[in-house]
Structure formats: structure tokens, C-alpha cells
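**Q** Sequence and predicted structure are below.
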Amino acid sequence: MTLVQDPAPFPIRGLWFGLCNVTYGDDPMSMDMFLGAMAECDLADDECQWIFGKQRHFPPKGYLRSNVLAEVYAIANEEGGLGNDAEYPVCLAFAGLAVMNMTQKVWMERVLDMKVPVGLAVGFDGGDVIRVGYWQNGELMTPCVIS
């Protein structure tokens, strides 16, 4: 509901769900996911360079504050843990599933133009990006293929 409360100052053509390391207050470093709205989206771009466009909107309360991502990060990085070998694939898989679930929600219809495709991408701020697909006319279309 973040984009309902803090709408983008432009028509949204892409949504970026970024994974990043965070610290909240005195808590130890963790993993979380945030939301970004983009004014441009090239659905044919395999590398999703559109997430780096000039017009971007990151709502101040756009962090998920996910307990699942925090726990995965903590377990992966405890002494003797698998570190990035576990953190990377598990967090990315969870984020992808979360995005697919979130895009089925009614709030999408309140903030997006239903007539144009809105690209969806998830990944790490470090540059690893996965195209989830695109959302149009109330449906998640995946894989992201343009004919």
C-alpha cells in the first residue's frame, strides 16, 4: 500500500523490488527488500537497465521489513553457516515469490494504469536482476516475452 500513501509523481511503467543489506536501529545487519517505481520500462531489455532510469520514486516507507529475509540472512551468516552461498539463492527465491504474490493484490489496480504493461523486476542492489514479468489488465504475465 506504500504507493497508495506515497504515490509516484509520474505514471508508473516499472516496479523494482530490490534486495539489500540493512540495519534498523541497534539491530545487527540484515537483509530486506524495498520497492521502487520507475517512469520507464523496456520489457525487451533482458538486463532490466530501465531500473536505473532518470525518473525513479522510492517511497520512504517502501521497505518490507521481512522477518523471513532477516532470518535467512542471520542463519546463513552465523558461525559455520554457508554465507552468501545460502543467502543469495534463498533470499532471491523468496523475493521473487513474494513479488509474484504481491502483484496479485488489489492495490496494484489503485496505483497502476491498467492499459499499459508495467514491468516487474527483483534482485540485489549489486546488479543481479531477474525479470519477473509484467502486469497488465489485472494479470501477471510471465515470462516477460514481447511478440
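**A** Cool, the structure landed.
**Q** Give the closest residue to residue 75 in space, chain neighbours not counted.
**A** Among residues not flanking residue 75 along the chain, residue 81 sits closest, at 6.2 Å (Cβ to Cβ, 6 or more residues apart in numbering). No exception for glycine: its C-beta is placed from N, CA and C like everyone else's.
**Q** if I look at that neighbour, how far off is residue 39?
**A** 40 Å (Cβ to Cβ, to the nearest Å).
**Q** wouldn't the residue nearest to residue 75 be in contact with residue 72 here?
**A** No: assessed by Cβ atoms under 8 Å, residue 81 is found out of contact with residue 72, at 10.3 Å.
**Q** between those two, who's got more neighbours?
**A** Using other Cβ atoms under 10 Å as the criterion, residue 81 and residue 72 rank with residue 72 on top: 20 against 14.
**Q** quick one: the more buried one and residue 93 touch, right?
**A** No: look at residue 72 against residue 93 with Cβ under 8 Å: they stay out of range, at 9.7 Å.
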